[in-house]
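K.L.:
A predicted structure for the sequence below; I have some questions about it.
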Amino acid sequence: MSAKIPETMDEVKNLWDELKKEGKDITLDELIKSNVQDLTQAYLDSAEEGHYDSAKLVNDQTIAFVSITGRTIGKYVTKGTSLVDDFKNNSLKLELDLEAAANKVANK
């Protein structure tokens, strides 16, 4: 990865502040959604030792794992109200859950 993906709310807020200074129009929740997808993709790439499959945000609660042929090969559904809320409330727990889901998909 060329740029570090924020792993905490403080890091996300710092990035959000930087983006706002650059004139980018993005809400904090949009940035968190993008960040959660990027983290999941990074975990999947690591588990697969390269970029083969993709992590795609389906909705506020679900990330799908999609093969290079476009077939859904797994999914992660939040146990809370949304991925954004999970990240805001306990980013470490969410990250561990996403990493476990990525490892499960990679080891099928």
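P.N.:
Arrived safely.
K.L.:
what's the burial count for the nearest residue to Thr62 once chain neighbours are set aside?
P.N.:
Closest residue to Thr62 apart from its sequence neighbours, by CB to CB, 6 or more residues apart in numbering: Val77 at 5.0 Å. (C-beta placed from N, C-alpha, C; glycine too.) When counting by other CB atoms under 10 Å, one arrives at 12 neighbours for Val77.
K.L.:
how far away is Val77 from Ala101?
P.N.:
Plainly put, Val77 is 9 Å away from Ala101 if you go by CB to CB, to the nearest Å.
K.L.:
am I right that Ile73 sits in a strand?
P.N.:
Yes - under DSSP: H, G, I helix; E, B strand; the rest coil, Ile73 falls within a strand.
K.L.:
isn't it up against Ser54?
P.N.:
No - Ile73 lies out of contact with Ser54 (CB atoms under 8 Å); the separation is 9.9 Å.
K.L.:
and the helices in the chain?
P.N.:
Secondary structure of the chain (DSSP state H): helices located at 9-21, 28-48, 83-106.
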